[in-house]
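Enquirer: Provided below for reference: sequence and predicted model.
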Amino acid sequence: MSDVLALVEARLRTALGEPDARAAVTFLGTDRVEVLRFLDGDVVRYATLGMSAQPMADPTAVVADPLRGPRAELVLSVRAGRADTDKVLRPLAVLAASPQVEGVVVAPGASLDTGEPLWPGAPFTSVLVAESGGLVPDLELDEPMDPVRFLPLLPMTPNEAAWKRVQGAAALEERWLRHGTDLRDPLRPGVPLG
């Protein structure tokens, strides 16, 4: 599956440029996950590399299909220089390893919780998984493999995450839009939810 990861890294470089840093994390019993950092003007983007090596399996399946099933990598974009966001590397790697570790299928509309601030002083402990196809186009693979989707992550405050659980992802995204929320601001306050 290293050929899949080579194609994924090539797609990331085509869409985001050359990474200026990378870090690798390996968790017991899982494949290695790398996080690449790309600087784009005043925005820094972090992209996982390794999550798509294997398809995500339905946790209820008796045997995981080694070829078929959704594949994804995670992309987080934040404004540079406002917080020590490089500390997000480990939490991002943890989220990218969650399909292998916890048997979850990461898809748009899902919430992923790290249980701790995404970086020191961050008001966010979870993220909303957004739709792919924007910043980094989906990567088609040879049949019968599913394409690799590059899923943007939108940081959520604990209150936003709780509100999203009740109201749904679309309602939270609509509220962010209505209030002109800068989702790339690593220090932004939570959106008004009343």
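Expert: Now that the structure is in, tell me what you want to look at.

Enquirer: pull up the distance across stretch 29-46, start to finish.
Expert: End-to-end distance for stretch 29-46, by C-alpha to C-alpha, to the nearest Å: 24 Å.

Enquirer: what's the residue nearest to Arg11 when sequence neighbours are not counted in contact with, if anything?
Expert: In space, and not counting its chain neighbours, Arg11 is closest to Leu139: 4.7 Å by C-beta to C-beta, 6 or more residues apart in numbering. C-beta coordinates here come from the backbone N, C-alpha and C atoms, glycine included. By C-beta atoms under 8 Å, 6 or more residues apart in numbering, the residues touching Leu139 are Leu7, Val8, Arg11, Pro147, Val148, Phe150.

Enquirer: could you do Gln100 as well?
Expert: Gln100 makes contact with Gly29, Thr30, Asp31, Gln54 under the criterion C-beta under 8 Å, 6+ apart.

Enquirer: wait, the third one touches Thr48, no?
Expert: Same thing as Asp31. No - with contact defined as C-beta atoms under 8 Å, Asp31 and Thr48 do not form a contacting pair (11.5 Å).

Enquirer: so between the two, which is more surrounded?
Expert: Thr48 (27 against 15; other C-beta atoms under 10 Å).

Enquirer: how about that one, phi and psi?
Expert: phi -80, psi 150 (degrees, to the nearest 10).

Enquirer: these two touch, right, it and Leu92?
Expert: Yes - at 5.9 Å, Thr48 and Leu92 qualify as touching, with contact defined as C-beta under 8 Å.

Enquirer: just the mean pLDDT for stretch 4-20, thanks.
Expert: The average pLDDT for stretch 4-20 rounds to 96.

Enquirer: tell me the buried residues in that stretch?
Expert: Under the neighbour-count criterion of 16 or more other C-beta atoms under 10 Å, stretch 4-20 has Val4, Leu5, Leu7, Val8, Glu9, Arg11, Leu12, Ala15, Leu16, Pro19 buried.

Enquirer: tabulate those (JSON lines), appending secondary structure.
Expert: JSON lines is the format used below for these (DSSP: H, G, I helix; E, B strand; the rest coil):
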{"residue": "Val4", "secondary structure": "helix"}
{"residue": "Leu5", "secondary structure": "helix"}
{"residue": "Leu7", "secondary structure": "helix"}
{"residue": "Val8", "secondary structure": "helix"}
{"residue": "Glu9", "secondary structure": "helix"}
{"residue": "Arg11", "secondary structure": "helix"}
{"residue": "Leu12", "secondary structure": "helix"}
{"residue": "Ala15", "secondary structure": "helix"}
{"residue": "Leu16", "secondary structure": "helix"}
{"residue": "Pro19", "secondary structure": "coil"}
